[in-house]
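1. pasting a predicted model and its sequence here:
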Amino acid sequence: MIETLKKFGAKKLGGLILITIIIIAFGFGGFGGGFSTNNQNNIAKINKTNVTTQDFMDYVNQSGISQQAIRENLKNNIIEELLSGLISSKLIDLEVKDFDLSVTGLTVLKKIKENKSFQDENNIFQRTKYEKFLLSNNMSASMFELQLKHRELQKHLFDFIGAGILTPNFLTKKNFEEENKSLDLEYFAMKNFYKEKEDFTDLEINKFLNENKDQLKREYIDFKYVELNPKILIGLEEFNQDFFDEIDKIENRISNGDDFQSIIQNIKTDITEIKEFTPSSTRKINEDLIYSKRTSKIDLIENGDNFLFYSITNKYDRGPDLSNLETKEEIRELVYQKGRFDLHRSVLEEIQNKKFDDNKFKEMAAYSKEYLTINSIKDDAKFEANSIKILYTLPVNSFTLVNDKENKIYLVKLINSKKNTFNEADENYLNFVKNQNTNTRKSIIQSYDQLLNSKYQVQLNQKTIDRVKNYFK
């Protein structure tokens with residue numbers, strides 16, 4: 001939703017995060033003052049219902065997020081996140097009103113008295129514990145009870161929408177049987193058909209390079225840098241205020257446009273010059289870090305106990321240099337991986353086009369064929385979990401490629417499938433029933449979310465949002 005909120009204006013918000021904010025859990029605390037609480041400018045509008053800046057500030061106060069935390073996260077779209085939460089809350093309120101749901105004072109009182117936090121060791125409600133809780137959270141009883149009532153109304157709404165939705169018993173049994181049947185497999189490792197890396201000739205490597213020269217181009221940089229620490233800048237080992245004052249001076253000179261040489265001319269330290277650098281498998285901490293910051297031509301960056309002050313003198317693209325042994329091995333690895341990929345794709349295309357049969361499987365497997373029984377869809381001892389799920393969708397005598405947890409690839413044939421008996425009183429089955437009903441409710445809620453998206457039009461006021469942001473700066 002945040003991405004949608006960024007667009008603001010009078011556009012309709014799609015995919016409101018109602019599902020992720022099923023019941024908004026308000027915290028306690030917040031802040032006061034600063035923003036005019038009498039300001040009733042609208043920050044948003046839901047159909048004909050206005051959402052005011054006062055609503056937003058109340059929501060922020062109830063969220064328990066400090067003003068400082070908001071200020072530090074303005075660039076991370078925290079205002080948009082809070083606003084999306086408020087709008088979702090307002091949508092729920094509108095639905096509660098539309099369905100004419102209510103919660104009595106007796107229900108609220110019962111909830112308070114049943115709260116374990118307000119009971120003694122004998123589970124008896126203690127008024128003093130309740131009052132101590134209110135005092136410690138700077139809340140009145142009426143405020144807490146209003147929030148409790150609000151949460152109960154939200155709960156009633158989603159119970160109203162999803163309660164009573166149960167998966168039919170015959171369908172639950174069928175799904176459980178499917179997920180807990182046993183699969184008998186024949187399989188073998190595809191690695192026996194891979195060409196060894198060392199067997200790729202220079203001609204093949206050069207051909208690959210020519211076919212992919214644009215994609216294989218890398219950016220190189222020439223640069224120079226110095227390492228700065230307290231010993232170099234102030235002659236001491238400690239990171240004190242004098243050291244950071246010197247760091248500030250360098251940063252100010254960078255901001256003022258001074259060049260690298262003039263900034264370091266009075267600093268006694270060695271200058272490291274690097275030509276034609278691009279990261280490789282051999283890690284170079286300083287150089288790799290500077291390369292990652294190459295969008296800035298000159299900068300001062302922190303690196304552990306040192307600061308790196310660098311200047312990039314040149315940037316350019318270049319294709320791989322095969323005279324460099326490390327680079328050549330990297331290209332050889334790419335050629336090897338492409339060979340694997342092409343082989344896997346070829347086999348899958350044959351399977352999909354029904355050109356791969358049992359004779360081809362036996363021919364490829366030869367004497368390396370192995371046998372395995374998978375006991376349920378959760379049995380991922382041999383193959384990776386997603387591969388197991390794929391196998392459970394296939395009919396008997398099907399072929400497919402699967403991988404294990406180390407990403408080794410295998411060609412598999414499903415030779416048999418048999419149902420296993422189970423007891424409906426078994427814990428595994430009871431948990432399965434519960435999950436089935438939960439998934440059914442989730443599906444209903446997702447459909448309800450789509451309904452809300454068409455039922456309500458949300459508009460945002462860009463100017464008011466900007467003013468709110470400016471307050472927190």
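-> That came through fine.

2. using the record's assignment, carve the protein into domains.
-> Domain assignment of the chain by automatic domain parsing yields the ranges 2-163+448-472, 181-198+327-418, 218-318.

3. possible to save these as CSV with distance to residue 210, mean pLDDT and mean neighbour count?
-> Quick note: C-beta positions are derived from backbone N, CA and C, even for glycine. Putting the domains of the chain into CSV (distance: least, C-beta to C-beta, whole Å; pLDDT from 0 to 100; neighbours: other C-beta atoms under 10 Å) gives the following:
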stretch, distance to residue 210, mean pLDDT, mean neighbour count
domain 2-163+448-472, 41, 72, 15
domain 181-198+327-418, 11, 93, 15
domain 218-318, 15, 91, 14
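
4. CSV for the ones you listed, including distance to residue 209?
-> Conversion of the domains of the chain to CSV gives the following (distance: least, C-beta to C-beta, whole Å):
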stretch, distance to residue 209
domain 2-163+448-472, 39
domain 181-198+327-418, 6
domain 218-318, 12
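
5. now for the ones you listed, which one comes closest to residue 435?
-> Shortest distance between residue 435 and the domains of the chain, using C-beta to C-beta, is found for domain 181-198+327-418: 12.1 Å.

6. got the end-to-end distance for the closest one?
-> Start and end residues of domain 181-198+327-418 are separated by 6 Å (C-alpha to C-alpha, to the nearest Å).

7. can you tell which of the domains of the chain is closest to residue 426?
-> Of the domains of the chain, nearest to residue 426 by C-beta to C-beta is domain 181-198+327-418, at 12.8 Å.

8. longest strand anywhere in this protein?
-> The residue-count maximum for a strand in the chain (DSSP state E) belongs to strand 306-318.

9. which neighbours in the sheet does that one have, and how are they oriented?
-> strand 218-228 (antiparallel), strand 298-303 (antiparallel) (DSSP bridges).

10. so how far is the helix or strand that that strand is followed by off the chain centroid?
-> Per DSSP states H and E, the first helix or strand lying C-terminal to strand 306-318 is helix 325-352. Chain-centre distance of helix 325-352: 30 Å, with C-alpha atoms, centre = their mean, to the nearest Å.

11. name the helices or strands packed onto helix 325-352?
-> Helix 325-352 sits against helix 202-211, strand 399-403, strand 409-418, with contacts defined as 3 or more C-beta pairs under 8 Å, 6 or more residues apart in numbering; DSSP states H and E.

12. try 6 Å this time
-> With contacts defined as 3 or more C-beta pairs under 6 Å, 6 or more residues apart in numbering; DSSP states H and E, helix 325-352 has these neighbours: helix 202-211.

13. may I see the buried residues of the helix it packs on?
-> Residues of helix 202-211 classed as buried by neighbour count (16 or more other C-beta atoms under 10 Å): 205, 208-209.

14. among the residues you listed, which one sits closest to residue 84?
-> residue 208 (47.9 Å).
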